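K.L.:
give me a 3D structure for the following:
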Amino acid sequence: MSTGRTRLYDGEQIDAYLAGRPVPALPTADDDEDLLERQEAAALSGIPLHAWDRRKKHPSVSEHMVRVGGVEHWPRHVVRDYTPAPRPRPSGGAGRPAGVGDQVPRDVLPARVAQLLDDDPALTAARVTEQLGVHRNTAQAALTALRAERMADVMEQRGISASQAADVLGYPAALTRRAGIRAESIVRGRQARPYLAEVARALHACGWTTADAPPAVQHPQDDEVVAALVLDSPTAPAAALVWSERHGWRTSTSRRHPLGRGAAWPSPSPQVRHVATGTTPTPADLVKALENIG
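P.N.:
Down below sits the predicted model:
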């Protein structure tokens, strides 16, 4: 269990508890791959929290950040072994020059990164930046997304875990913590598609939306699955619906940006209504709940 403000619990312990099995004890020995939240990382580094908030922005730390339950975490070895890199000389160096935009268009970037990853399974964001001239954050996001998709494919094909899929693909464990969490959510998102398709057909049958295709699942945070359905009929009870695997359904006032800023789950209000009960109510129950607020 995490000691931070947001309580996080070990997955194996939760599974055992819900199944009525004996709850296994947490490991007592430290492991290099343990994920530490902000307070734990600062304590291990021996610095104040505000100093860690500056340190975590350094690329050698930020590229290993993993978001679990909305909380930022870093592997123990990254926190422990962090060493500030020397500042690059202003006159030279590989990668993207300061003040210059990304050299590869966003729609072309995934294919270019895929080529590099095919040649080198241990590819790093720094290497992508050097080769393609894109921002370090852009490189890291593309690399994580690509690794996660490939790991999810292998997980589904072989029925194995994210870490096992990384091994199959030759991805180093130190580079795949975040991708592994995202891969697990990609698999859950794929499993949710039939349910979302049923809901889309039900809303279309009510005349609230012209589309009856399931919405694309999204991962605004690596460990979460969400989806948005735009209700484009004038008679619809809301502008859009948003589904979260953790929270269920809610309404949205925006058709253009239904998730809202940061995709945070908002509290109920006159503008945002939490709809139906549970995370996967039947399409009929969802329609009934929407009729009651319409």
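K.L.:
tell me which residues touch the closest residue to Gly207 other than its chain neighbours, please.
P.N.:
Leaving aside its chain neighbours, Gly207 sits nearest to Ser233 (5.8 Å; criterion: CB to CB, 6 or more residues apart in numbering). Using the backbone N, CA and C atoms, a C-beta is placed for each residue, glycine as well. With contacts taken as CB atoms under 8 Å, 6 or more residues apart in numbering, Ser233 has the following neighbours: 207-210.
K.L.:
worst mean pLDDT across the helices and strands of this structure, which element?
P.N.:
Scoring the helices and strands of the chain by mean pLDDT, DSSP states H and E places helix 11-18 at the bottom, with a mean of 64.
K.L.:
that older thread, can you pull the phi and psi angles for the residue nearest to Gly207?
P.N.:
In terms of degrees, to the nearest 10, the main-chain angles of Ser233 are phi -90, psi 140.
K.L.:
what stretches of this protein score poorly on pLDDT?
P.N.:
In the predicted model, the chain carries pLDDT under 70 at residues 1-19, 23, 25-29, 82-104, 262-263, 294.
K.L.:
still on that earlier bit, any chance of CSV for the contacts of Ser233, columns secondary structure and neighbour count?
P.N.:
Formatted as CSV, the contacts of Ser233 follow (DSSP: H, G, I helix; E, B strand; the rest coil; neighbours: other CB atoms under 10 Å):
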residue, secondary structure, neighbour count
Gly207, coil, 12
Trp208, coil, 22
Thr209, coil, 21
Thr210, coil, 10
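K.L.:
Glu72 sits in which helix or strand?
P.N.:
Glu72 is part of strand 71-75, with elements assigned from DSSP states H and E.
K.L.:
which is the next helix or strand following that strand?
P.N.:
The first helix or strand that comes after strand 71-75 along the chain, using DSSP H and E, is helix 76-81.
K.L.:
tell me what that following helix is packed against?
P.N.:
Helix 76-81 makes packing contacts with strand 35-37, helix 38-45, helix 59-62 when contacts are defined by 3 or more CB pairs under 8 Å, 6 or more residues apart in numbering; DSSP states H and E.
K.L.:
ranking these by burial, who's on top?
P.N.:
Each of the helices and strands packed on helix 76-81 was given a mean neighbour count from mean count of other CB atoms under 10 Å, and the largest, a mean of 22, is that of strand 35-37.
K.L.:
partner strands of that strand and their direction?
P.N.:
For strand 35-37, sheet partners with direction are given as strand 71-75 (antiparallel), following DSSP bridges.
K.L.:
so what touches the strand it pairs with?
P.N.:
Contacts of strand 71-75 from elsewhere in the structure, counted by CB under 8 Å, 6+ apart, are 2, 4, 6, 8, 32-38, 41, 56, 61, 64-67, 174, 177.
K.L.:
select only the buried ones of those residues in ChimeraX?
P.N.:
Selecting only the buried members of the contacts of strand 71-75 in ChimeraX, with burial defined as 16 or more other CB atoms under 10 Å, works like this:
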select :2,4,8,34,35,36,37,38,41,56,61,64,65,66,67,177
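K.L.:
hmm, Glu287 is touching Cys206, no?
P.N.:
Just so we're on the same page, residue 287 is Val rather than Glu. Yes. Under the criterion of CB atoms under 8 Å, Val287 lies in contact with Cys206, with a separation of 5.9 Å.
K.L.:
so Leu241: helix, strand or coil?
P.N.:
Here Leu241 is recorded as strand under DSSP: H, G, I helix; E, B strand; the rest coil.
K.L.:
what count of nearby residues applies to it?
P.N.:
Neighbourhood size, Leu241 [other CB atoms under 10 Å]: 27.
K.L.:
tell me what it is bridged to.
P.N.:
Bridge pairing for Leu241 - DSSP bridges - gives Leu229, Thr251.
K.L.:
what's the helix or strand hosting Asp53 packed up against?
P.N.:
Using DSSP H and E, the secondary-structure element containing Asp53 is helix 49-55. Counting contacts by 3+ CB pairs under 8 Å, 6+ apart, the secondary-structure elements packed against helix 49-55 are helix 38-45.
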